[in-house]
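In: Need the 3D shape of this:
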Amino acid sequence: MLSTLLCVFSIALMSLSTLENPLRARAPQQQVETPMATEERLESPGWWPTKQSASLNDFVGTRECARCHPKIAATQTETPMARAASLAADSTALPEQESVLRSAGRFSYTISKDQAARTYIVSDGSNSISATLGWAFGLGNKGQTFVYQSNSAFYESRMSFFKSLQSLDVTPGHLPAQPPTLDMAMGRRIDPDTLRRCFGCHTTASTTRAGFNPSRLVLGVDCEACHGPGAKHAELMDEEKNAEGRQAIFDPASLGPVAQVDFCGACHRTWFEVRETKITGVENVRFQPYRLESSRCWGEGDARLTCTACHDPHQSLNHDPAAYDQKCLACHASSRSQKPSPGHSGKACPTASKNCVTCHMPRVEFPDMHAPFTDHRIRIVHANSPYPG
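Out: Sure thing, here's the model as predicted:
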């Protein structure tokens with residue numbers, strides 16, 4: 001799950017200029033930004049999610065940010081991003097006291113809690129091996145995958161916990177076929193590049209100039225994961241050097257619309273990365289930036305259709321469909337009698353003017369995750385039409 005669902009791969013995209021991007025042809029009257037791959041963004045000056053160029057001492061933590069931004073800091077800590085990782089011992093998705101059991105072929109799996117630890121045990125009936133789970137990745141509203149260490153190496157558990165099942169099942173990305181050995185049934189080793197990127201998208205400051213250091217990371221995606229290290233900013237603001245202080249922290253809102261979607265795509269996958277990795281079918285419903293940019297109404301240069309136009313990263317996700325209606329009506333007419341204008345050219349929906357997302361952004365079942373995902377490819381959905389992957 002970490003390598004196929006939640007993490008960003010390192011991708012060499014030197015040939016991207018040869019890819020046909022149907023989105024570039026839209027809205028020629030707008031100033032078109034140049035899309036870039038995450039790999040390129042990380043090599044460019046300035047801050048970007050998962051960048052590893054800072055020193056650990058450059059990070060100050062959310063408590064320091066809260067001195068000047070108490071309301072934002074308070075609500076941000078309750079968001080899914082802020083809770084994207086936890087210590088496995090503190091997992092709120094797993095049952096508090098009960099053991100979680102699952103049999104899969106000739107192997108049986110158990111996650112049990114003993115005092116302050118979660119122990120992961122795999123048995124073939126004759127022999128068993130175990131490990132103390134270190135981290136739980138994911139909030140748990142759909143599921144959680146676990147990472148453990150063995151002999152200084154990091155492993156992803158073959159079994160994840162799924163909320164809808166209230167049980168374990170095979171982690172997405174792992175082969176469903178029976179593993180040949182007990183060790184392989186336990187989990188798979190995470191290569192160093194994938195490890196840094198997975199922790200980089202679920203935690204803060206896990207990799208700095210000194211390298212990967214899970215003992216000093218901040219669990220979850222906090223302020224500095226998106227705004228960059230804040231020590232210099234805090235120092236200058238305390239000295240009342242406000243103009244310099246504002247320049248010493250990164251504001252993602254300063255980015256153009258294409259770059260803003262790429263910014264979120266550093267962890268949620270950009271359009272180019274999904275195309276390059278050829279992830280097709282319902283599996284790519286999880287990659288919201290890619291799906292958004294595949295929408296017919298996506299227009300480069302229009303800030304009304306970016307991730308943050310609908311989702312405030314400092315607030316918990318709103319699950320009420322009606323909450324998004326005004327976002328749709330910022331471009332679309334609310335009735336057929338409303339005349340179009342240059343900045344409000346979207347036609348009125350002939351069916352309804354409320355709960356737009358329930359029809360135009362359908363929830364799609366992703367079998368490997370045992371849960372539905374909202375498809376961010378905005379479109380007219382016809383009955384029994386195949387998934388446009």
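
In: I'd assumed residue 134 was in contact with residue 88.
Out: Yes: in this structure, residue 88 is within contact of residue 134 by CB atoms under 8 Å, at 6.0 Å. Just so you know, the C-beta spots here come from the backbone N, C-alpha and C atoms, and that holds for glycine as well.

In: Tell me the spacing between residue 308 and residue 79.
Out: As judged by CB to CB, to the nearest Å, residue 308 and residue 79 stand 13 Å apart.

In: swap in residue 43?
Out: Residue 43 is 29 Å from residue 79, where distance means CB to CB.

In: Then residue 182?
Out: Residue 182 sits 39 Å away from residue 79, going by CB to CB.

In: before we move on, back to that, which one's more surrounded, residue 43 and residue 79?
Out: Legend: neighbour count by other CB atoms under 10 Å for residue 43 and residue 79, higher for residue 79 (20 against 12).

In: who touches the closest residue to residue 387 other than its chain neighbours in this structure?
Out: Closest residue to residue 387 apart from its sequence neighbours, by CB to CB, 6 or more residues apart in numbering: residue 282 at 5.3 Å. Residue 282 makes contacts with 364, 365, 366, 367, 387, 389, as judged by CB atoms under 8 Å, 6 or more residues apart in numbering.

In: Just read off the phi/psi values of residue 282.
Out: Main-chain torsions, residue 282, degrees, to the nearest 10: phi -60, psi -20.

In: what does residue 265 give?
Out: phi -70, psi -10.

In: And the closest residue in space to it that isn't next to it in sequence, how far from residue 196?
Out: In space, and not counting its chain neighbours, residue 265 is closest to residue 289: 3.8 Å by CB to CB, 6+ apart. Separation of residue 289 from residue 196 (CB to CB): 21 Å.

In: between those two, which one's more packed in?
Out: Under the criterion of other CB under 10 Å, the comparison of residue 289 against residue 196 puts residue 289 first, with 25 against 19.

In: surely that one meets residue 268?
Out: Yes: look at residue 289 against residue 268 with CB under 8 Å: they come within range, at 5.3 Å.

In: what residues do those two have in common as contacts?
Out: Contact criterion CB under 8 Å, 6+ apart; residues bridging residue 289 and residue 268 by contacting each: residue 307.

In: How about the helix or strand of the chain with the lowest mean pLDDT, which residues are buried there?
Out: Ranked by mean pLDDT, DSSP states H and E, the weakest helix or strand in the chain is helix 271-277, scoring a mean of 91. Within helix 271-277, the residues that count as buried by 16 or more other CB atoms under 10 Å are 271, 272, 273, 274, 275, 276.

In: and if you look at stretch 38-47?
Out: 38, 39, 40, 41, 42, 47.

In: just stretch 246-255 next, same as before
Out: Result for stretch 246-255 [16+ other CB under 10 Å]: buried residues 248, 249, 250, 252, 255.

In: So what does the second one have for phi and psi?
Out: Phi and psi for residue 249, reported as degrees, to the nearest 10, are phi -130, psi 150.

In: Quickly note the distance from it to residue 207.
Out: Look at residue 249 and residue 207: by CB to CB, they are 20 Å apart.

In: and what of the third one?
Out: Applying CB to CB, the value for residue 250 to residue 207 is 18 Å.

In: all helices for the protein, in order.
Out: 38-43, 62-65, 70-76, 182-186, 192-202, 223-227, 231-238, 242-247, 257-268, 271-277, 288-293, 307-310, 325-328, 356-360 (DSSP state H).

In: Of all those, which one is nearest residue 129?
Out: helix 182-186 (5.8 Å; CB to CB).

In: Show me what the closest one packs onto, helices and strands only.
Out: The contact analysis (3 or more CB pairs under 8 Å, 6 or more residues apart in numbering; DSSP states H and E) places helix 182-186 against strand 117-123, strand 128-137.

In: what does the first one rub up against?
Out: Outside strand 117-123, the residues within contact range by CB under 8 Å, 6+ apart are 88-89, 91, 94, 107-113, 128-133, 146, 148, 157-159, 182, 185-186.

In: can we see that at 7 Å?
Out: 88-89, 91, 94, 107-112, 128-133, 146, 148, 157, 182, 185-186 (CB atoms under 7 Å, 6 or more residues apart in numbering).

In: Stretch 304-317 too?
Out: Contacts with stretch 304-317, where a contact means CB under 7 Å, 6+ apart, come from 72, 75-76, 78-81, 226, 257, 260-261, 264, 288-289, 297-299, 303, 324, 327, 330-331.
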